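Asks: I would like to see how this sequence folds:
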Amino acid sequence: MAVFPLSTRAEEGGVLECWLEYRLEGWSLFYKTAEGQGTVRCNDGSRLKVAIVSRGGGITFGKSRIHEGRGEFYGIYRIRDVLGRYAAAEVHAGAVRSARAQVVTKGTISLALTGRGTGWDLGVSIGSFVLQER
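Replies: I've put the predicted structure just below:
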């Protein structure tokens, strides 16, 4: 009879504290699209550069550029866990100064995003938020 451990080697090391610093630029007119890049850092010293692609739709209008984006990951055991497609729900509003608040999820992993920048935008949207290694 084979015995399998209840946790993987990655989980044995414990949950990592990881965060994302990013820049994102996009537009929306019912359909929403944005692209950018960032860097994920974790408390174990690991670092990963990422490309960001966000697509969705809803009642949303505008054009914005987020310069000072920050996100916090929850449920990460190794840095590469951050990569992939997240389900996204977003509320955004601003004129001249743009602000963003969004929570995205992928299975048991969550990413809470905030950001400040320039542009004008208003709306609510749902869609996807994808992190790929660059």
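Asks: spit out the contact partners of the residue nearest to the spatial centre of the chain.
Replies: The residue lying closest to the centre of the chain (Cα atoms, centre = their mean) is residue 111, at 5.5 Å. Contacts for residue 111 (Cβ atoms under 8 Å, 6 or more residues apart in numbering) come out as 20, 71, 72, 73, 74, 82, 86, 103, 104, 105, 129. Just so you know, the C-beta spots here come from the backbone N, C-alpha and C atoms, and that holds for glycine as well.
Asks: okay, and the last one sits in which element?
Replies: Using DSSP states H and E, residue 129 sits within strand 109-133.
Asks: could you give the average pLDDT over that strand?
Replies: The pLDDT scores in strand 109-133 average 92.
Asks: mind listing what's buried along it?
Replies: Of the residues in strand 109-133, those with enough neighbours to count as buried (16 or more other Cβ atoms under 10 Å) are 109-113, 115, 117, 119, 121, 123, 125, 127, 129-131.
Asks: contacts for stretch 112-121?
Replies: For stretch 112-121, the surrounding residues in contact (Cβ under 8 Å, 6+ apart) are 20, 22, 24, 28, 60-72, 74, 92-104.
Asks: hang on, the earlier thing: who does the strand holding residue 129 pair up with?
Replies: strand 47-76 (antiparallel), strand 84-106 (antiparallel) (DSSP bridges).
Asks: just the mean pLDDT for the longest one, thanks.
Replies: To tie it back to what came earlier, the one meant is strand 47-76. Here the average pLDDT along strand 47-76 is 94.
Asks: for that strand, which positions count as buried?
Replies: 48, 50, 52-56, 58, 60, 62, 64, 66, 69, 71, 73, 75-76.
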